[in-house]
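A.B. asks: from the sequence below, what's the structure:
(one chain, ligands or ions: 2)
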Amino acid sequence: MKRVGIFGGGQLAMMLAEAAPVLGLTVSVLAPDADDCPAAKTGAYLVRADYEDEAAALEFAKDCDVLTFEFENVPVRTLFRLQRAGHFIAPGPGVLELIQDRLTEKQFLRDCGIELASFVRIDKAEDLAAGLRVTGMPAVLKTRHFGYDGKGQSWIHEPGQAGPAFDLIHHHPAVLEAGIAFVRECSVICARNSSGDFVHFPVTQNQHKDGVLRASQHPAECSTQTANQAIRIARKIAEKLEYVGVLAVEFFETDDGQLLVNEIAPRVHNSGHWTQLGAKPDQFELHLRAITGMDLPKPDCAAAAKMINLIGDQINQAPSLQSDGWTVTGYGKGVVRPGRKMAHAVKIDHK
Ligand code: ATP
Ligand code: MG
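C.D. replies: Ligands and ions are numbered 1, 2, ... in the order given. Below is the predicted model:
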């Protein structure tokens, strides 16, 4: 029986672990809070260690046939160390290293010939004025490292806001990006295995508030032509990266149907949670299949699906959503905090 080792124990690890048994796989989880994380109650073998603890990671990896990660800030140093010791990691640490820096991520995408919002590297306050001449306004200043859920981002609507925006992100190395007046945001979740097989879910439409995903729906309201274009772009990225696993590509669609890539996520993705009930196989099964070298069946998807995130005290809405026919998946997080993703709810239209 193959064992998959996951770095990180959050809800994505939990749902990966839950998808493993039907594939005949077992799961180990390494996390600093391994005994008290969403993945803890799945029956996965738990190892409590810091991600920087290379000796613990090597010990963990010994029993695993393949290693993967469920969040983007796993230190790549640890993963490269494991790779050098002969362990197979999918997606590869090189992909993670690329996307851990928004600047190298954007440069890679641009070098692939993919359209994205214009961007400029910002190292010091003096770079802002020239940067704004390139991006125009509004623009958004994003830290190059450690951003998630819109953290480390600050908007600039007029020149006077540039200095304060840089102060807000503590003068960390940043990227200034043109603000896009999109008509829609959408994502493509796809999977590729090491034989180069590629499958994808239909384009999903996403709604964010304050930088955090609130809701997703399939089908997206974009034209078939735009949807096909999004899938072609996702495939191109997966192939250029020689990617193995599930990959999410986030897009902005402008009013003239142009697609700009916002960012990529080398993992299962919140906007794919509807697939758990609305697709067979779902994104979690596809990720496990891809990284363990199995074939990738084309997902058979419901006609329509909606997903909403229950963030902070929105968890209190779970009972009423359930009585309205939504299926709620809780993450088993004891403490409710503002902004914390506590659960999601899915409603499928099988038609
Ligand atoms: P996550 O990793 O959780 O997706 P993040 O912190 O990496 O989030 P982004 O994806 O860069 O953040 O941005 C979060 C959201 O903020 C986007 O989905 C979008 O709604 C808005 N946003 C970000 N950049 C832009 C932009 N250039 N123009 C318009 N809206 C933007
Ligand atoms: Mg994003």
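A.B. asks: only C-alpha atoms for contact and neighbour calcs from this point on.
C.D. replies: Will do.
A.B. asks: grab the nearest non-local neighbour of Phe252.
C.D. replies: Spatial nearest neighbour of Phe252, chain neighbours left out: Glu185 (4.7 Å); criterion: C-alpha to C-alpha, 6 or more residues apart in numbering.
A.B. asks: close to ligand 1: what parts of the stretch 201-350 of the chain are there?
C.D. replies: Residues of the stretch 201-350 of the chain lying close to ligand 1 (C-alpha under 6 Å from any ligand atom) are 208, 211-212.
A.B. asks: so which of those comes closest to ligand 1?
C.D. replies: Closest approach to ligand 1 among those (C-alpha to the nearest ligand atom): Gly211, at 3.9 Å.
A.B. asks: can you give me the neighbour number for the closest residue to that closest one other than its chain neighbours?
C.D. replies: Leaving aside its chain neighbours, Gly211 sits nearest to Gly150 (4.0 Å; criterion: C-alpha to C-alpha, 6+ apart). Neighbours of Gly150 under the rule other C-alpha atoms under 10 Å: 14.
A.B. asks: ok, Gly150 to ligand 1 distance?
C.D. replies: 3 Å (C-alpha to the nearest ligand atom, to the nearest Å).
A.B. asks: wait, what's in contact with that residue?
C.D. replies: By C-alpha atoms under 8 Å, 6 or more residues apart in numbering, Gly150 lies in contact with 210-212.
A.B. asks: quick one, phi psi at it?
C.D. replies: With angles defined as degrees, to the nearest 10, Gly150 sits at phi 70, psi 10.
A.B. asks: who wins on neighbours among the residues of the stretch 201-350 of the chain next to ligand 1?
C.D. replies: Val212 (16 neighbours).
A.B. asks: surely it touches Lys151?
C.D. replies: No: between Val212 and Lys151 there is no contact under C-alpha atoms under 8 Å: 9.1 Å.
A.B. asks: so what sits against both of those two?
C.D. replies: With C-alpha under 8 Å, 6+ apart applied, the contact sets of Val212 and Lys151 do not overlap.
A.B. asks: just to revisit the earlier point, let me have the residues of the stretch 201-350 of the chain next to ligand 1 in a markdown table, extended by secondary structure, pLDDT and distance to His350.
C.D. replies: Output for those, formatted as a markdown table (DSSP: H, G, I helix; E, B strand; the rest coil; pLDDT from 0 to 100; distance: C-alpha to C-alpha, whole Å):
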| residue | secondary structure | pLDDT | distance to His350 |
| --- | --- | --- | --- |
| His208 | strand | 97 | 26 |
| Gly211 | coil | 90 | 31 |
| Val212 | strand | 94 | 28 |
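A.B. asks: closest to Val134 among these?
C.D. replies: Nearest to Val134 out of these is Gly211 (C-alpha to C-alpha; 23.2 Å).
A.B. asks: look up phi and psi at that closest one.
C.D. replies: phi 80, psi 0.
A.B. asks: I'd like the numbering to begin with 16 instead of 1 from here.
C.D. replies: Noted, 16 is the first residue going forward, which turns the last one into Gly226.
A.B. asks: next up, the contacts around it.
C.D. replies: Gly226 touches 164-166, counting by C-alpha under 8 Å, 6+ apart.
A.B. asks: domains for this protein, by residue range?
C.D. replies: 18-104, 133-193, 199-364 (automatic domain parsing).
A.B. asks: pipe those domains into JSON lines and attach distance to Glu112 per row.
C.D. replies: Below are the domains of the chain laid out as JSON lines (distance: least, C-alpha to C-alpha, whole Å):
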{"stretch": "domain 18-104", "distance to Glu112": "6"}
{"stretch": "domain 133-193", "distance to Glu112": "11"}
{"stretch": "domain 199-364", "distance to Glu112": "11"}
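A.B. asks: so which of those comes closest to Phe123?
C.D. replies: Closest among those, using C-alpha to C-alpha: domain 199-364, at 9.4 Å.
A.B. asks: that older thread, tell me, how many residues neighbour the residue nearest to Phe267?
C.D. replies: Glu200: 22 neighbours (other C-alpha under 10 Å).
A.B. asks: from memory it sits against Thr269, does it?
C.D. replies: No: shown here, Glu200 and Thr269 do not form a contact pair, counting by C-alpha under 8 Å, at 9.0 Å.
A.B. asks: just to revisit the earlier point, tell me how far the residue nearest to Phe267 lies from Ser238.
C.D. replies: Glu200 sits 13 Å away from Ser238, going by C-alpha to C-alpha, to the nearest Å.
A.B. asks: with Ala189 instead?
C.D. replies: Ala189 is 34 Å from Ser238, by C-alpha to C-alpha.
A.B. asks: which one's more surrounded, the two?
C.D. replies: Counting neighbours by other C-alpha under 10 Å for Ala189 and for Ser238 shows that Ala189 has the greater number, 23 against 10.
A.B. asks: wait, doesn't the more buried one sit right on Phe134?
C.D. replies: No: counting by C-alpha under 8 Å, Phe134 is not a contact partner of Ala189; they are 10.2 Å apart.
A.B. asks: list the contacts of Glu265.
C.D. replies: 200-203, 276-279.
A.B. asks: put together TSV for those, with secondary structure and pLDDT on each row.
C.D. replies: TSV is the format used below for those (DSSP: H, G, I helix; E, B strand; the rest coil; pLDDT from 0 to 100):
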residue	secondary structure	pLDDT
Glu200	strand	98
Cys201	strand	98
Ser202	strand	98
Val203	strand	98
Val276	strand	98
Asn277	strand	98
Glu278	strand	97
Ile279	strand	98
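A.B. asks: buried among those residues? Make that a PyMOL selection.
C.D. replies: Entered in PyMOL, the line below selects the buried ones among the contacts of Glu265, by 16 or more other C-alpha atoms under 10 Å:
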select buried, resi 200+201+202+203+276+277+278+279
